[in-house]
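S.K.: Generate coordinates for the sequence data below:
(2 chains)
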Amino acid sequence: MTADGPRPETGAPIPGTGNAALYPQPGNAPDGEWLRVHPASPFVRGWVALAAIGFFFGRDVFERSLQGRPVFDDELAGRAPWLLVGGATVLLVSVLGFILTWYFTKYQVSGGYVRVNSGFLFRQQRQARLDRVQAIDIVQPLLARIFGLAELRFEVADAGESAVRLAYLKIDDARQLRATILARAAGVTTGPDRPGEPAPEAPEYQVLSVPPSRLVGSLLLSEQSLFVLVGGIASVVLSAVTDNQAFYFYLIPAVLGLAASYWGLFNKGYNFTAAISPDGIRLRYGLLDTQAQTLPPGRIQAVKISQPPLWRPLGWYRIQVNVAGYGIVENAGEGSARTTLLPVGTLGDVMSMLALVLPDPGTPEPAVVFAAGLNGLDSDGGFITTPPRARWLAPLGWRRNGFTATDTALLLRSGRWWRQLVVVPHQRTQSMALHQGPLARRFRVADLVLHTTAGPVVPRLTQAGTGAALALFDEQSARARLARKRQTTEQWLRQVVPAGSEIPHGSPQEGGQHG
Amino acid sequence: MHTEAIDPPGIIWQRVSPKYVTVRVVQWAVGNLLTVLVLALPLFLVLMDVWAWPPLWLAVTVPSVALVLAIWRLVLIPRQVRAIGYAERDDDLLIRTGIFFQRTMAVPYGRMQYVDIGVGPVERGLGLCTLKLHTASPGTNAHIPGLPAAEGARLREQLAARGEARLAGL
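M.R.: This next block holds a predicted model:
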């Protein structure tokens, strides 16, 4: 499964095409050529620094004019040349730095790799294998959006640091590059009769979208709002009891923080749409900063569908996923948005998203099994729950805590009020462990933990009967082993039927010839 | 060694070297004796009439409770070391630990990303090493301490070879 197999004409970088100093279009550039990002990108990225310089040198003048003092008095006149020279120097150095950074940042898509060189004092070369791509994001912060630019993020399987980032490209070029990378990663051949022709963008079909009204509703009814309500009542009661009016002043920072948090969630979740294309699931969202994520098939390691208590009357659910490379979030707002597959959706939405994530549910009646996982109790849908002898360990949850396995995935159900269903495809299980403490031993129950890549989903089966847990431990090892044997290549078009088309049941991810 | 409740039946566990008890005792001494000494400091000061505040019963109770806990941990160490076991199955490595809080873990060979061998100062003196397995999941906290150095090297080669043969993608 050599990734550069399909395109023999691209073997060596073409040395003669020397004018890379100009700015060739990524779309129709010959393969293997070194390209640069858009010249304006350092300014878009570094506008904060420029603004800081402006602020530092402009503040003095501004304050003087505010205080009604003359802007130019004798003292300032003496210093003015130095100030001007200093400001100009700092500005010049930073602009020069920007230009040098831009000049020395080059990228190349060639063979089976994408390579990025950057830095002029400390050179850095980074390369990533295309068939190891876990996700591709196109991110547009507000300022970049105004200029029609976009950042391309390319995640490979390594928790956290190793993302390849190209900031910024023209939005059309970014889309074109994404299509090229995904096509190469999928193992699509462009055909020898059309060398150098850009890969066509894969067609996509919209699956669902979240209306803004539902997003607002979900935010108002979230767990956070519950705490806000409790906190608000508590502070009103406190101020009434202690007769202290100044008390409210202390709430101002809390209110500001809350508003920022709600705004962040709204900004990130606005206009959420999910679509399916042969190269994976496409998620788009964002009000001011927009983001388009592409998750190739089979890259999702674990799925969690949860429902806070206040959402239950409305029948809403949230879906979060673990994707290798997204890792643990760096900052909460961005990270939680990236690992959210569906911020809020109805049962129908959940089922259609699950159909995308798990094209072959591995059971003849998926609707029954997954609905039982979401809302069921006891042995609905074939779930095996905590035995009655252990009900005092989980007086509320024992009828919910349970598991069932289909041919392709393990379903873990838990929570009576905070309902939760975790789905782990068998071929994504890394390792697993049985845990048993002294109390659990007395009740003859045990926990089973499945290890998956870093992310918001932590699959754990709690308080299963010892016998059931042991049986599952053995069966799951066998299932994971079988599933691993079946999955042989990372180039998904050679391996799976595109998820959009109808898959005849019972013929899962088999077939396909790989070298 | 009898088979515990959550161990898969029919497994013959390889045990780690009994010399590993020494390593654990040294670790125990560094942690626990220091804690007890620090907690006993007020007692000395009270006895020397330097401090007036903590009443004598409190100054006695706190370090003695700490001492009892520390001795309890010391007594458990040999049993804990005996409870560590590993078994190479056809497709995965099983590791078990713990007496009160038991854990049995299965790490498939095809999922191992790399295998580490670490040797601490006390372990080096006793000719022991610690083997660590890494998968793509940070949750796989799989390590086998107290292996004789030769056995550790053999196991590492064995695991690397088996992992190579069965390597799967993510």
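S.K.: Give me the buried positions along the lengthiest helix in chain A.
M.R.: Longest among the helix segments of chain A by residue count, using DSSP state H, is helix A:74-104. By 16 or more other CB atoms under 10 Å in any protein chain shown, the buried positions in helix A:74-104 come out as A:94, A:98, A:101-102. All C-beta spots, glycine's among them, are computed from the backbone N, C-alpha and C.
S.K.: What average pLDDT does that helix get?
M.R.: Averaged across helix A:74-104, the pLDDT comes to 80.
S.K.: Then stretch A:177-184?
M.R.: Stretch A:177-184 shows a mean pLDDT of 85.
S.K.: Same question for stretch A:421-435.
M.R.: Rounded mean pLDDT across stretch A:421-435 is 91.
S.K.: in the stretch 1-150 of chain A, which spans are helices?
M.R.: Secondary structure of the stretch 1-150 of chain A (DSSP state H, counting those that start in this stretch): helices at A:41-45, A:47-67, A:74-104, A:142-146.
S.K.: just to revisit the earlier point, in terms of distance to A:Ser306, which of the buried residues of helix A:74-104 ranks first?
M.R.: A:Ser306 lies nearest to A:Thr101 out of these, by CB to CB, at 42.5 Å.
S.K.: Give me the nearest residue to the closest one, chain neighbours excluded.
M.R.: A:Pro42 (5.5 Å; CB to CB, 6 or more residues apart in numbering or on different chains).
S.K.: just checking, that neighbour touches A:Trp102?
M.R.: Yes. Using CB atoms under 8 Å, A:Pro42 makes contact with A:Trp102 at a distance of 5.0 Å.
S.K.: Get me the contact residues on chain B for chain A.
M.R.: Contact residues (CB under 8 Å from any CB of the partner chain) of chain B with chain A: B:5-6, B:8-9, B:91-92, B:100-108, B:110-111, B:135-140, B:142, B:166, B:168-170.
S.K.: Residue ranges in chain B under the pLDDT threshold?
M.R.: B:1-5, B:168-170 (pLDDT under 70).
S.K.: Enumerate every residue touching the residue positioned nearest the centre of chain B.
M.R.: Nearest to the geometric centre of chain B sits B:Pro145, at 6.4 Å (CA atoms, centre = their mean). If you count contacts by CB atoms under 8 Å, 6 or more residues apart in numbering or on different chains, B:Pro145 has them with B:16, B:20, B:23, B:84, B:128, B:130.
S.K.: And for the first one, the neighbour number?
M.R.: This means B:Val16. Counted with other CB atoms under 10 Å in any protein chain shown, residues neighbouring B:Val16 total 23.
S.K.: Just the buried subset of the contacts of B:Pro145, written out for PyMOL, thanks.
M.R.: Applying 16+ other CB under 10 Å to the contacts of B:Pro145, the buried members can be selected in PyMOL as follows:
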select buried, chain B and resi 16+20+23+84+128+130
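S.K.: and which of the contacts of B:Pro145 is nearest chain A?
M.R.: The closest of those to chain A turns out to be B:Ile84 (CB to the nearest CB; 14.2 Å).
S.K.: when you check the residues of chain B next to chain A against the strands, which ones overlap?
M.R.: Judged by DSSP state E, the residues of chain B next to chain A include B:92, B:102-108, B:142 as members of strands.
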